[in-house]
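Novice: quick one, what's the 3D model for this:
(one chain, ligands or ions: 2)
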Amino acid sequence: MAILTAQELTKQYSGEEQPALNHANLAIEAGEFVAIVGPSGSGKSTLLHLLGGVDKPTSGTVHLYDTNVFELNETQLAIFRRRQVGLIYQFYNLLPVLTVQENITLPADLDGRKVPADELAELLEILGLTDKVQSLPSELSGGQQQRVAIGRALVNHPAIVLADEPTGNLDKRNSQEIMDLLRAANTKRGQTLVVITHDPEIAAQADRVMTITDGRLTGGGDDGHH
Ligand code: ADP
Ligand code: ADP
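Specialist: Ligands and ions are numbered 1, 2, ... in the order given. This is a model prediction of the structure:
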């Protein structure tokens, strides 16, 4: 069953000649691990931000289950982003004044939800961050910071995790650790996962590879004809 679909999704930034994303159609199945590849500037981040409801398309639609994401009002959209989407970035995007634990539980805290202690302990253990709960991001290595970002992305059990070059700033060993954590979430918890990558080894681990070239998506699994 497709949980996330996009139909004729187009993004034209003002002042740009060509659309960054040009009539993209895709369907992502529950539990799938999809890689997005393509040259720099081809529209990969644009697509990811539209799928996560972080940016708005010029035209076209995104549905999560039967929710038409861009018909939500601002309040509903904020809740959608917090509960249904886990975003992971190349440069972690942690809040520097919050501790490791506070960064991880932030999406739950914003929802007024307390993460059960045993659940939090298990997550910290899986991430190898148990002895770092009170540390600030500035006191951590890049690999550790990305593990915090993974915890934050997973804490609300989102329908989909979207990662934009999650290993792009890490060495080979840390990259493999980060991918192992994401893949474990995918295989053990059925976490649906979309990862932008330049790394052919990572793309080779995915169930499916989608390619974007000059804003044109191929391999979306939905040719747009209904
Ligand atoms: P990728 O992630 O594949 O490197 P992006 O989605 O970041 O590609 O960018 C696609 C195109 O859109 C590029 O030409 C880029 O310069 C342009 N672009 C991205 N973000 C903006 C923006 N906020 N305003 C204007 N143009 C943008
Ligand atoms: P968890 O998986 O942590 O129990 P939820 O209780 O939010 O999280 O969701 C239970 C299951 O239902 C999950 O597999 C989730 O992906 C799925 N789900 C979440 N939101 C919806 C929805 N709007 N419609 C159908 N299924 C959903």
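
Novice: switch to C-alpha atoms for all contacts and neighbour counts from now on
Specialist: OK.

Novice: ok, how many other residues are close to residue 39?
Specialist: Counted with other Cα atoms under 10 Å, residues neighbouring residue 39 total 12.

Novice: not counting its neighbours along the chain, what's nearest it?
Specialist: residue 213 (6.7 Å; Cα to Cα, 6 or more residues apart in numbering).

Novice: try residue 32
Specialist: Nearest one to residue 32, counting by Cα to Cα, 6+ apart, is residue 192 at 5.1 Å.

Novice: so who does that neighbour touch?
Specialist: Neighbouring residues of residue 192 by Cα atoms under 8 Å, 6 or more residues apart in numbering: 29, 30, 31, 32, 33, 159, 160, 161, 186.

Novice: how near is residue 205 to ligand 1?
Specialist: Separation of residue 205 from ligand 1 (Cα to the nearest ligand atom, to the nearest Å): 20 Å.

Novice: what about that residue, distance to residue 158?
Specialist: According to Cα to Cα, to the nearest Å, residue 205 stands 22 Å off from residue 158.

Novice: so which of these two has more stuff around it?
Specialist: Remark: of residue 205 and residue 158, residue 158 carries more neighbours, 18 against 14, as counted by other Cα under 10 Å.

Novice: before we move on, what's the pLDDT of that one?
Specialist: Reading off the confidence values, residue 158 has pLDDT 97.

Novice: ditto for the one 5 residues further on
Specialist: As summarised for this prediction, residue 163 has a pLDDT of 98.

Novice: which helix runs longest in the chain?
Specialist: Identified as the longest helix of the chain according to DSSP state H is helix 172-189.

Novice: restricting to C-alpha, output it in PDB.
Specialist: The C-alpha coordinates for helix 172-189 follow below in PDB (Å, rounded to 0.1, in the frame of the first residue of the first chain):
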ATOM      1  CA  LYS A 172      33.300   6.300   6.000                       C
ATOM      2  CA  ARG A 173      33.000   4.600   9.400                       C
ATOM      3  CA  ASN A 174      30.500   7.100  10.800                       C
ATOM      4  CA  SER A 175      28.600   7.000   7.500                       C
ATOM      5  CA  GLN A 176      28.200   3.300   7.800                       C
ATOM      6  CA  GLU A 177      27.100   3.600  11.400                       C
ATOM      7  CA  ILE A 178      24.400   6.200  10.500                       C
ATOM      8  CA  MET A 179      23.200   4.100   7.600                       C
ATOM      9  CA  ASP A 180      23.100   1.000   9.800                       C
ATOM     10  CA  LEU A 181      20.900   2.900  12.300                       C
ATOM     11  CA  LEU A 182      18.500   4.100   9.600                       C
ATOM     12  CA  ARG A 183      18.400   0.600   8.000                       C
ATOM     13  CA  ALA A 184      17.700  -1.000  11.400                       C
ATOM     14  CA  ALA A 185      14.700   1.400  11.800                       C
ATOM     15  CA  ASN A 186      13.600   0.400   8.400                       C
ATOM     16  CA  THR A 187      14.000  -3.400   8.700                       C
ATOM     17  CA  LYS A 188      13.200  -3.900  12.400                       C
ATOM     18  CA  ARG A 189      10.400  -1.300  12.800                       C
END
